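[1] the following comprises the amino acid sequence and a computationally predicted model.
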Amino acid sequence: MTAAVSQSRLPVAATWRKGIARLMDIILHVGAHRSGSTSFQHYLRCNRAHLMHDGTTVWEPHMLRTGLFNGLFAAPHVMNGRDLQRRAMGRVRIHALRAQNEGAKRLLISEENMIGAPRACLRAGMLYPAIGERLARLGATFEGRIARVVMTIRAQDIWWSSVAAFGVGRGHAVPDATRLAAFSSAPRTWRDVITDMAFALPETEIRILPFEQFAGRSDAVLSTAIDRPVPYGHAASWLNRSPDTAKLRSTLAQYQGASNALPSHLAQGEGRWNPFTPLQAANLREAYADDIMWLTAGADGLATLTEDLSRKRAGQSLPSGALTKGQSHDQQNNTCLKGRLAQTG
């Protein structure tokens, strides 16, 4: 199957191989959401000058969400005789060629929304249902020349809790018991997500990082992504945390006007919000253990599990200073953002 895809791609990709792909590696960091992606992107911005000097051009949300990918993932639509998808693909290629012409040896694209939005997972009750289609679109944009995809995964009970908490903190409804039961019993696991990635990008190396080992270690994530020595500054930042139980109660009181209707898992308690019953949480942890076991055994040749057991700068709990920083801190850090406009694109 892989050989057939490769052969069918050759005529289309010939010009591309002579251009970008031959001289510049294209690497995707796709998240996942709630697994340290905001902290990683903050680290990239703070070390942009160092990375550019080393030949690494970075595209991250502060650039991408100004319109570079607009139309790329939308359903085919023609307006005024113009195909928005084709225009988006052409726009991305032009920016990539510009990066190469300015001396980039590798292009690192870090954007978790490339694989879909968390609200789509909540609506569907499953992990990234459209990841295969979306990565196939990126593969077509770069004409099959994506060298590597890096993804961080997290235990499903914590991941679903974090995604739901982040949504509730922004005014979305608290998942009811039926929805929580659906999350905990969904047959789709990280193994299915990774398999979809591999089928969408059959010629691309896929590296999977366990969040539990890489939390607060953005430098280790980058080293895994680009196989280069990397800077250590700002590597241990912990940004954009999901709100805890007390914060969620306060937020819901503002939206609902009262807290007496809160479900039991929100009505009391402190610390990390856990909406699942013990049995549901156990089912999700077991699914994650199976995913890790599959990856450890070789993932059927589809992906590589990258482990870092040293965890020299972060364990399960980060220093108190890092835990007090959130998304607003990231947005207000003018020192790190000063150089962002110097980036290609």
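    Received, thanks. Numbers count the residues shown, from 1 in each chain.
[2] for Arg228, give me the pLDDT.
    Residue-level confidence at Arg228 comes out at 95, pLDDT.
[3] which residues touch the host helix or strand of Leu284?
    According to DSSP states H and E, Leu284 maps onto helix 278-296. The set of residues external to helix 278-296 that reach it, using CB atoms under 8 Å, 6 or more residues apart in numbering, is 153-157, 160, 180-181, 183-185, 189-191, 194, 208, 210, 274, 276, 300, 303, 305. Yep, even glycine has a C-beta here, placed from its N, CA and C like the rest.
[4] skipping adjacent residues, who's closest to Met114 in space?
    Computed as CB to CB, 6 or more residues apart in numbering, the closest residue to Met114 that is not its neighbour in sequence is Val30, at 5.3 Å.
[5] dihedrals phi and psi, the one you found?
    phi -100, psi 20 (degrees, to the nearest 10).
[6] that one against Arg148, yeah?
    No. Assessed by CB atoms under 8 Å, Val30 is found out of contact with Arg148, at 10.8 Å.
[7] more neighbours, these two?
    Val30 (25 against 21; other CB atoms under 10 Å).
[8] mind listing what the more buried one touches?
    Contacts of Val30 by CB under 8 Å, 6+ apart are 111-112, 114-115, 135, 149-151.
[9] tell me the mean pLDDT for the helix holding Leu284?
    pLDDT averaged over helix 278-296 gives 98.
[10] now do the buried residues in that helix.
    280-281, 283-284, 287-288, 291-292, 294-295 (16 or more other CB atoms under 10 Å).
[11] how close does Arg145 get to Leu107?
    Remark: distance between Arg145 and Leu107 (CB to CB, to the nearest Å) = 10 Å.
[12] what is in contact with the two at once?
    Joint contacts of Arg145 and Leu107 (CB under 8 Å, 6+ apart) are Ile26.
[13] so Val149, which of the three states?
    Under DSSP: H, G, I helix; E, B strand; the rest coil, Val149 falls in the strand class.
[14] quick check: pLDDT value at it.
    98.
[15] that one pairs with what?
    Leu28, Ile206 (DSSP bridges).
[16] for it, what are its contacts?
    27-30, 135, 197, 201, 204-207.
[17] turn the residues you listed into TSV, columns for pLDDT.
    As requested, the contacts of Val149 are arranged in TSV below (pLDDT from 0 to 100):
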residue	pLDDT
Ile27	98
Leu28	98
His29	98
Val30	98
Leu135	98
Met197	98
Leu201	98
Thr204	98
Glu205	98
Ile206	98
Arg207	98
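[18] which one of those residues sits closest to Pro175?
    Comparing the contacts of Val149 against Pro175 with CB to CB picks out Val30 as the nearest, at 24.5 Å.
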